[in-house]
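*Asks:* A structural model of the following input is requested.
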Amino acid sequence: MTTVELRASIFEHLNALLDDEEALIQLRDFLCELQRQKKVPCCYSTEEMKSQLRLRESDAVSGIGLSMDEVELKTKAWE
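*Replies:* This is a model prediction of the structure:
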């Protein structure tokens, strides 16, 4: 089945459910759960993130890092 055929089939099923409020609620809940499962969880523990924050703060106080102008130049190069 092609993507176009799959989409058409899904929309046909959706069209049949448009007047059924309970089915729409279940569909919404299912889609929200599916989307939640696709989100990548954070791969750092709270302690690791706090450690990184302390390190970055000390770098900033020490003047280590990039100025806003340098960051903007780098991001423009990505475009």
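*Asks:* per-domain residue ranges of the protein.
*Replies:* Here the domain parsing of the chain from automatic domain parsing is 3-38, 46-78.
*Asks:* Could I get the full set of helices for this structure?
*Replies:* 3-17, 21-38, 46-62, 68-78 (DSSP state H).
*Asks:* Run through who's touching the shortest one.
*Replies:* What it means is helix 68-78. Contacts with helix 68-78, where a contact means Cβ atoms under 8 Å, 6 or more residues apart in numbering, come from L66. C-betas here are computed from N, CA, C, even on glycine.
*Asks:* Please apply the same query to the longest one.
*Replies:* Contacts to helix 21-38, defined as Cβ under 8 Å, 6+ apart, come from residues 14, 17-18.
*Asks:* could you dump the residues you listed to CSV with pLDDT and neighbour count?
*Replies:* As requested, these are exported to CSV (pLDDT from 0 to 100; neighbours: other Cβ atoms under 10 Å):
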residue, pLDDT, neighbour count
L14, 90, 12
L17, 87, 13
L18, 88, 9
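*Asks:* Before I go, just wanted to say thanks for your time.
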